[in-house]
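**Student:** Below is the sequence, then the predicted model.
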Amino acid sequence: MPPTARKRKRKAPSSSSSRRTRSVSRLDFRSAADGAWYGARVAVQGGALRVMYEEFPEEQDEWYHPAALAAVSSPSRHGVVAALRARFRVASPPLDDARCRDLRPGAPLCVSCPLDAGLLKFYDAVLESVLPAAHGTVDGEERCACRFAVRWTEGPRAGSREEVGVERVCCVQSSPVQDPVLNEFLDGLTRLLGSGSGAGATASQETSAVAAAEGGGVPGDAPPGFHRKFGART
């Protein structure tokens with residue numbers, strides 16, 4: 001269930017044992033619990049990677065401990081870094097109302113998916129076509145009225161098609177993640193494991209290896225969705 005109140009994350013104690021390096025950039029992170037994308041920031045605390053979901057209680061943070069990851073048996077351990085890295089990407093910005101015609105068929109999107117019990121989660125989809133419509137103006141701002149035919153590639157509706165409005169669409173960025181905190185942790189983990197890109201491990205083995213090495217991951221009732229776009233539209 002979605003949290004009923006937003007809870008500010010507590011500041012870490014100032015002792016040296018809890019000192020952490022924290023990322024200032026926002027990333028998209030795919031939860032292992034539901035396969036949905038969430039806004040997150042990362043920190044290295046006590047030598048472990050801490051993934052902090054935006055706007056959700058710190059109890060739902062995920063932890064990745066190098067020692068636990070290193071203890072994963074072969075061949076799964078050889079792909080554990082690649083599997084963890086693949087769960088991060090550059091933040092996907094909401095589609096700007098004035099830029100809808102910049103999209104081309106085949107563009108990768110991250111689209112909100114309404115689920116039962118009022119949950120809203122974001123999953124990847126591919127744009128198939130834009131159904132243009134005249135734009136309007138609300139409070140002096142252009143508002144897109146176009147519809148976007150998308151095909152879900154992930155999530156509970158994978159393989160199906162749907163027409164959605166601009167308020168549900170985010171644009172997946174192709175640029176690589178440049179977050180120094182995350183990259184430094186993953187590079188160090190690569191050296192610790194003494195592995196390359198994961199030859200010999202299947203995708204399911206890699207995912208299982210990462211999940212097994214989490215030090216307290218997201219519970220079964222994972223956060224219902226990452227950022228909301230524009231709020232309620234009138």
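**Tutor:** The structure has been received and is ready for your questions.
**Student:** For the longest helix along the chain, buried residues please.
**Tutor:** In the chain, taking DSSP state H as the definition, the longest helix is helix 180-193. Under the neighbour-count criterion of 16 or more other Cβ atoms under 10 Å, helix 180-193 has 181, 182, 185, 186, 189, 190, 193 buried. Heads up, the C-betas are built off the backbone N, CA and C, glycines and all.
**Student:** what packs against it?
**Tutor:** strand 20-22, strand 37-45, helix 66-70, helix 80-85 (3 or more Cβ pairs under 8 Å, 6 or more residues apart in numbering; DSSP states H and E).
**Student:** Swap in 10 Å and give it another go.
**Tutor:** strand 20-22, strand 27-30, strand 37-45, strand 48-53, strand 62-64, helix 66-70, helix 80-85, strand 88-90 (3 or more Cβ pairs under 10 Å, 6 or more residues apart in numbering; DSSP states H and E).
**Student:** now it: mean pLDDT?
**Tutor:** Mean per-residue pLDDT for helix 180-193: 91.
**Student:** so where's this protein uncertain?
**Tutor:** Applying pLDDT under 70 to the chain flags the ranges 1-24, 72-78, 195-234.
**Student:** in it, which spans are strands?
**Tutor:** 20-22, 27-30, 37-45, 48-53, 62-64, 88-90, 108-114, 120-131, 136-138, 141-143, 147-152, 161-164, 169-171 (DSSP state E).
**Student:** Any idea which of those gets closest to residue 70?
**Tutor:** Nearest to residue 70 among these is strand 62-64; the distance by Cβ to Cβ comes to 11.2 Å.
**Student:** can you pull the buried residues of that closest one?
**Tutor:** Neighbour count says strand 62-64 has 62, 63, 64 buried, by 16+ other Cβ under 10 Å.
**Student:** In terms of distance to residue 101, which of the residues you listed ranks first?
**Tutor:** residue 62 (38.3 Å).
**Student:** quick one, what contacts the closest residue to residue 185 other than its chain neighbours?
**Tutor:** Excluding the flanking residues, the one nearest residue 185 by Cβ to Cβ, 6 or more residues apart in numbering is residue 49, at 4.9 Å. Counting by Cβ atoms under 10 Å, 6 or more residues apart in numbering, residue 49 touches 42-43, 62-66, 69, 84, 181-182, 184-186, 188-189, 215.
**Student:** Could you rerun that using 8 Å?
**Tutor:** For residue 49, the contacting residues are 42, 43, 63, 64, 182, 185, by Cβ atoms under 8 Å, 6 or more residues apart in numbering.
**Student:** Can you give me the neighbour number for the second one?
**Tutor:** Put plainly, it is residue 43. Around residue 43 there are 18 other residues, counting by other Cβ atoms under 10 Å.
**Student:** ok, now how distant is it from residue 160?
**Tutor:** Using Cβ to Cβ, to the nearest Å, residue 43 is found at 37 Å from residue 160.
**Student:** returning to what we had before: mind saving the C-alpha coords of the longest helix of the chain as PDB?
**Tutor:** Output of helix 180-193 as PDB, limited to C-alpha atoms (Å, rounded to 0.1, in the frame of the first residue of the first chain):
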ATOM      1  CA  PRO A 180      30.500   9.200  -9.300                       C
ATOM      2  CA  VAL A 181      29.300   7.500  -6.100                       C
ATOM      3  CA  LEU A 182      27.600   4.600  -8.000                       C
ATOM      4  CA  ASN A 183      30.400   4.200 -10.500                       C
ATOM      5  CA  GLU A 184      33.100   4.200  -7.800                       C
ATOM      6  CA  PHE A 185      31.200   1.500  -5.800                       C
ATOM      7  CA  LEU A 186      30.600  -0.700  -8.800                       C
ATOM      8  CA  ASP A 187      34.200  -0.300 -10.000                       C
ATOM      9  CA  GLY A 188      35.500  -1.300  -6.600                       C
ATOM     10  CA  LEU A 189      33.100  -4.300  -6.500                       C
ATOM     11  CA  THR A 190      34.400  -5.400  -9.900                       C
ATOM     12  CA  ARG A 191      37.900  -5.400  -8.600                       C
ATOM     13  CA  LEU A 192      36.800  -7.300  -5.500                       C
ATOM     14  CA  LEU A 193      35.100 -10.000  -7.500                       C
END
